[in-house]
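In: quick one: sequence and predicted model below, then my questions.
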Amino acid sequence: MDELEIEERFEMACERLREWVAEDEASSLPEEFREYMKVQAGLLEHCVAVCNDPKKMATPEVNSVLYSDIAGSAYEKSFTDPRFCAERFEKYGVKTAQELNWIATNIRDVIVAAYEKDVFKILIWIELFLELAGFFADNPETDEIESALKEMIYYFVHDYDELRVDKSINKLVVSDEDSLVYQLLMNRDHSDESFLYEYGEFISDNEIKVLKYLNTMSDDELEKMAETYTEGYKKGFELAGIDLGQKETVEIRYPIGFEPMVKKAVIQFDKMGLKPTFRRQTNTKAIGVISTPANRQYLHDHRFDDALYLNNALVSEKLKHAKKSFEKYKDYAITYAGPAVIETFGEKLFVPEVKKEAPKYTKEQEEVSLGYRRDYMIMQDDYIPGDKRSFTIIAYPIPEIGEQFDDIFKETVRINTLDKELYHRIHQAIIDALDTGEYVRVRGRGDNQTDMKVMLHELKDPQKQTNFENCLADVNIPVGEVFTSPVLTGTEGILHVSRVFLNGLKYDDLKITFKDGMITDYECGNYPDKAEGKAYIKENVLHNHESLPIGEFAIGTNTAAYVMGRKYDIEAKLPILIAEKTGPHFAVGDTCYSMSEDVVVHNPDGKEIIAKDNERSILRKTDIKKAYFQCHTDITIPFEELGSISVFTKSGEETIIIQDGRFVLPGTEALNDSLN
């Protein structure tokens, strides 16, 4: 379909929508659907007005109206809330609340589409609305409605999946200086906050206050912040021996409000020969250019919306579409360098409510979903090889963290730029001790029940080989850890943390048991019903796998970050990126070298890091589908719960690295300065 056809079809659909509203056709529908359809028509009408003049409609007032349905407590009376929707239709005997809830939720993708003037996306949602209105106008029998809505949604997804996949891959690897994001980032006056509303995303005090704060910084300060980010990215390629000169694009992921810094970064990347690509988050999934969620419970409720239609046939078709698009953009894909990510932290602590009315995967769908993620990752690696790309990631606080935001931001900037040479020497002392060992033992103290035995790879040439990477704030900022991929066989014990936040979710008394490096049991104290706790962990830590291996063992050394967390009482709000540096941690899932195990990597001392595979990842050589899990979650033991970390040689000789939460290994004493 060419642009003229789309435009003509769009005009016809908009005209029909205007007539439907003007003639109050909702009043002729069965009573149970009138209010619901009016709400959807109102949103679509508003978005058509935005599309006609997005700049004029980029105001706080319009933003508030567009997100009023899901922001705060209003969500509890919204058709996008699966519980309210179920209760609202239950009194009429309608059993299709999940389908109607899906439409009310996913139709909200038209908001960003309107600001991007993506008339095709708005068009298809108006057409779906009109199809639904026509169906209800025929006064269908109750038993007809469920099957009709399921079919309507299925074919809506099926018919447009190819275009969605193609656009997603295009945005990943193709730089577009005409895109809305590029224009807002590079060609707007960032001293005037009004441009924030042109994104079409929910704009909160976080975005506004971060922008205002960055606008108080000097040009030199912003330049240095950006340089920490871009030079870390560049360093990652150097350490991996990958020629950055062969790359042309860098995917920039950033939070709205950080434009003054990110603009500097784009210019710095340009000097490296890299043009930016940008992806937009969807209505229910945050990735790419993001803003503060209007309602985190809303996101949680809709994380499995595709359960209404997910099946093997759709996944098979989606993979075919992806293959076709990767072939189409293969020349761009091979020059894609990887993501450069800016994260934020400081959101109010959130424990989601589990709603039985929300869509959930069946056991079969869990397997279908995992299979799709695995197969897509393998396909992507064919076109964007893991051993030919890199990344960097850095984090900053947002104003929601509290009244001391300014001080915390300044301290975070300091932590992100700590003396690498000092840490280089300290890490080397730790690595030299660890490399003498057969295994490491990690024990908790007080009420912490941690007791883990971690098996290490055998070094065939200790003069030239090492098990641990000396992490010095290149791809993974800030500085502060030494890490390895353990041998799974013989790695066993209990990992216990009294309280931890993983990807924004809280876990009380998280306890995971391992045998031969694989999870055999897990529990937490979040819910009175232990079964609910297990389900919570399986979904959010195991990502619905039956088990996961230990992909990483690390000793975090950034005691300055640890002290910052305690000083400002924000330990629970620190992102994994920083929290993992504040103590020893174990990651469950893939190793840190996933899909790039064959890249030869050396530490600054010249030794090759040989511990990049484990017994699962090595299966990539015989059956790649069994090798990877598409997840990696770090779980950190805080120093106050840490009893000891010791390394044991084959002869049983013990070297203590940490005792009672303090570094005791000679050469590491400086790390205690922050702790004392």
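Out: Ah, there it is. Nothing here was measured: the structure is a model prediction, and the numbers come from that model. Numbers count the residues shown, from 1 in each chain.
In: list the buried ones in the longest strand along the chain?
Out: Counting by DSSP state E, the longest strand found in the chain is strand 487-502. Going by neighbour count (16 or more other C-beta atoms under 10 Å), the buried part of strand 487-502 is 487, 488, 491, 492, 493, 495, 496, 497, 498, 500, 501, 502. To be clear about C-beta, it is placed using only N, CA and C from the backbone, and glycine gets the same treatment.
In: just checking, next helix/strand downstream of that strand?
Out: Next helix or strand after strand 487-502 toward the C-terminus (DSSP states H and E): strand 505-515.
In: which elements pack onto that following strand?
Out: strand 487-502, strand 518-523, helix 530-540 (3 or more C-beta pairs under 8 Å, 6 or more residues apart in numbering; DSSP states H and E).
In: helices of the stretch 51-200 of the chain, residue ranges please.
Out: 60-66, 82-90, 97-106, 110-115, 119-137, 142-173, 180-186 (DSSP state H, counting those that start in this stretch).
In: in the stretch 351-500 of the chain, where is pLDDT below threshold?
Out: Residue ranges of the stretch 351-500 of the chain with pLDDT under 70: none are present.
In: what do you get if the cut-off is 90, keeping everything else the same?
Out: 351-354, 386-387, 418-420, 471-476, 499-500 (pLDDT under 90).
In: surely residue 499 and residue 572 touch.
Out: Yes - look at residue 499 against residue 572 with C-beta atoms under 8 Å: they come within range, at 6.9 Å.
In: overlap in contacts, these two.
Out: Contact criterion C-beta atoms under 8 Å, 6 or more residues apart in numbering; residues shared by residue 499 and residue 572: residue 506.
In: could you pull up the residues touching the residue lying closest to residue 307 once chain neighbours are set aside?
Out: Once flanking residues are discounted, residue 307 sits nearest to residue 359: 4.0 Å by C-beta to C-beta, 6 or more residues apart in numbering. Residue 359 is in contact with 82, 98, 102, 302, 304, 305, 306, 307, 308, counting by C-beta under 8 Å, 6+ apart.
In: from residue 177, how far off is the closest residue to the fourth one other than its chain neighbours?
Out: Same thing as residue 302. Distance criterion C-beta to C-beta, 6+ apart; nearest residue to residue 302, sequence neighbours excluded, is residue 284 at 4.5 Å. According to C-beta to C-beta, to the nearest Å, residue 284 stands 28 Å off from residue 177.
In: the two: who's more crowded?
Out: residue 284 (20 against 10; other C-beta atoms under 10 Å).
In: mean neighbour count, mean pLDDT and distance to residue 410 for the helices of the stretch 51-200 of the chain - can I get that in a markdown table?
Out: Converted to a markdown table, the helices of the stretch 51-200 of the chain look like this (neighbours: other C-beta atoms under 10 Å; pLDDT from 0 to 100; distance: least, C-beta to C-beta, whole Å):
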| stretch | mean neighbour count | mean pLDDT | distance to residue 410 |
| --- | --- | --- | --- |
| helix 60-66 | 16 | 97 | 28 |
| helix 82-90 | 19 | 93 | 42 |
| helix 97-106 | 23 | 96 | 39 |
| helix 110-115 | 24 | 97 | 33 |
| helix 119-137 | 19 | 96 | 41 |
| helix 142-173 | 16 | 94 | 34 |
| helix 180-186 | 19 | 97 | 24 |
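In: so of the buried residues of strand 487-502, which two are at opposite extremes in space?
Out: Largest separation among those by C-beta to C-beta: 487 and 501, giving 29.4 Å.
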